[in-house]
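# Need the 3D shape of this:
(one chain, ligands or ions: 2)
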Amino acid sequence: MSDQRDRPDAGAPAVVDVVMPARNEATTVADNVAAAIGCRHVRTVIVVDDGSTDDTARIAEQAGARVVGRPGSAGSKAHAMDAGVQATDATHILFVDADCTGLTSAHLDAICEPVLDGRAEMSLGAFDYGWLNWLVLVLPPLSGERIIPRWVWDRIPVTKHAGYTIETRINEVIAEGRLRTHAHTMRGVSHRTKRVKFGVVDGLRRTARMYVDLLSMLRPVGDIRWRTYWWYLRGLTITGR
Ligand SMILES: Nc1nc2c(ncn2[C@@H]2O[C@H](COP(=O)(O)OP(=O)(O)OP(=O)(O)O)[C@@H](O)[C@H]2O)c(=O)[nH]1
Ligand SMILES: [Mg+2]
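Ligands and ions are numbered 1, 2, ... in the order given. The predicted structure follows:
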C-alpha cells in the first residue's frame, strides 16, 4: 500500500461533487439528481449531457443540477465524465449514472464514507443482483457509482478516455498504484439496461460491443496486465453483500 502522506491531496479538506453522465435519460435523471443532492457529503451535482435528443438537460436542471453540455458531441461516457471533472475544483468526484433505479441519498452516503474516513482511495456501490452479489463484488468493477479523489482521475492519460472502458481505466490506476477499494452492494438498486432503452436487438448489440471493447483492453490485445486484477483484489474490502 502506498503511504498516506504521499497523496497529492493529503491534508486538504474534502469537497465532493457529483458528476453524472447522461445521454437521453429523461426517465430517470430527476430521481438520481435528487438522490445525489440529498447525499450529505455532496456540494454540487453536475450532469453532463451529451447531445441528448430528449429533455434530459431541462429535467436535470429543474431537479437542481448544474448542467454541462457537450453540443455536437457524438457521445462518449468517458469524455462526458472528463468534462464534468474539468467543470469542478472538487477534491473528490462521486460518479453516478443517470439511469439508476431505486438509488437513494443513503446509498450515496454509504459510498462516500470509506473514502472520506480515509479507509480507501476508491469506494463503490454495486447493483443488487440478489444471490449473485458475492460474485459481482469480486469481479473487476464496472459500476458507475463510485467516488475517487480527483488525482486518481488525473492519472488516467487523456488518450485512454474511451467510452465504456473508462471504469476499467480507473480500476487500472487503483490497482497499479496498490491503492485500496471499498465495495458493497446497493440494496434495491438497479438500472435501465440498454435492452430497455434501445429494444432487445439493438440493446444486446450495444451490450455485446461494450463487452468486446472491455475484453480487448486486456493483454495480449490491449495494454492492461492480467495481474492488475490480483493487485485490485489485494486492496479490496467488501462489506455488505
Ligand atoms: N453524457 C453521456 N453520457 C453517457 C453516454 N453514454 C452513456 N452515458 C451515460 O452513462 C450511464 C451508463 O450508461 P449505460 O449505457 O446505461 O451503460 P451501462 O449501464 O454500463 O450498461 P448497460 O448494462 O448496457 O445498461 C448512463 O447515465 C448514460 O446516460 C454518452 O455518450 N454521453
Ligand atoms: Mg444502464
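# Closest to the centroid, which residue in the protein?
Geometric centre of the chain, nearest residue: residue 144, 2.9 Å, by C-alpha atoms, centre = their mean.
# quick one: the residue lying closest to it once chain neighbours are set aside from residue 239, how far?
In space, and not counting its chain neighbours, residue 144 is closest to residue 97: 3.7 Å by C-beta to C-beta, 6 or more residues apart in numbering. Using the backbone N, CA and C atoms, a C-beta is placed for each residue, glycine as well. Note on residue 97: its distance to residue 239, by C-beta to C-beta, to the nearest Å, is 22 Å.
# Counting neighbours, go ahead and name the busier of the two.
A direct count of neighbours by other C-beta atoms under 10 Å for residue 97 and residue 239 places residue 97 higher, at 20 against 11.
# The more buried one is in contact with residue 32, isn't it?
Yes - with contact defined as C-beta atoms under 8 Å, residue 97 counts as touching residue 32 (7.4 Å).
# what is in contact with those two at once?
In terms of C-beta atoms under 8 Å, 6 or more residues apart in numbering, residue 97 and residue 32 are both contacted by the residues residue 20.
# Can you pull the residues of this structure lying near ligand 1?
Listed as neighbours of ligand 1 in the chain under the rule C-beta under 6 Å from any ligand atom: 21-23, 25, 48-50, 75-77, 80, 97-99, 144, 164, 191, 193-194, 207.
# Type out the PyMOL command that picks the buried ones from those residues.
Typed into PyMOL, the line below selects the buried ones among the residues of the chain next to ligand 1, using 16 or more other C-beta atoms under 10 Å:
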select buried, resi 21+22+23+25+48+49+50+76+77+80+97+98+99+144+164+191+194
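# Among the residues of the chain next to ligand 1, which ones lie close to ligand 2?
99, 191 (C-beta under 5 Å from the ion).
# before we move on, back to that, quick one: the residue nearest to the centre of the chain and residue 164, what's the gap?
9 Å.
# List of residues touching stretch 95-107?
18-22, 25, 27-29, 31-32, 35-40, 47, 56, 60, 81, 108, 125, 128, 144-148, 186-192, 197.
# The spatially closest residue to residue 152 that is not a sequence neighbour - how many residues pack around it?
Distances taken as C-beta to C-beta, 6+ apart place residue 173 nearest to residue 152, at 5.4 Å, with adjacent residues excluded. For residue 173, the neighbour count with other C-beta under 10 Å is 20.
# correct me, but residue 173 touches residue 154?
No - contact criterion C-beta under 8 Å: residue 173 and residue 154 do not qualify, at 9.3 Å.
# In the protein, which helix is the longest?
Across the chain, the longest stretch assigned as helix under DSSP state H is helix 200-215.
# Sort out which residues of that one are buried, please.
The neighbour-count check on helix 200-215 (16+ other C-beta under 10 Å) flags 210, 214 as buried.
# Kindly report the same for stretch 132-140.
133, 136, 137, 140.
# So what touches whichever helix or strand residue 81 is part of?
Per DSSP states H and E: residue 81 is located in helix 77-86. If you take C-beta under 8 Å, 6+ apart as the criterion, helix 77-86 is touched by 19-23, 46, 48, 50, 68, 70, 73, 93, 95, 150, 153, 158, 161-166, 169.
# Residue 27 contacts residue 192, correct?
Yes - Residue 27 lies in contact with residue 192 (C-beta under 8 Å); the separation is 6.8 Å.
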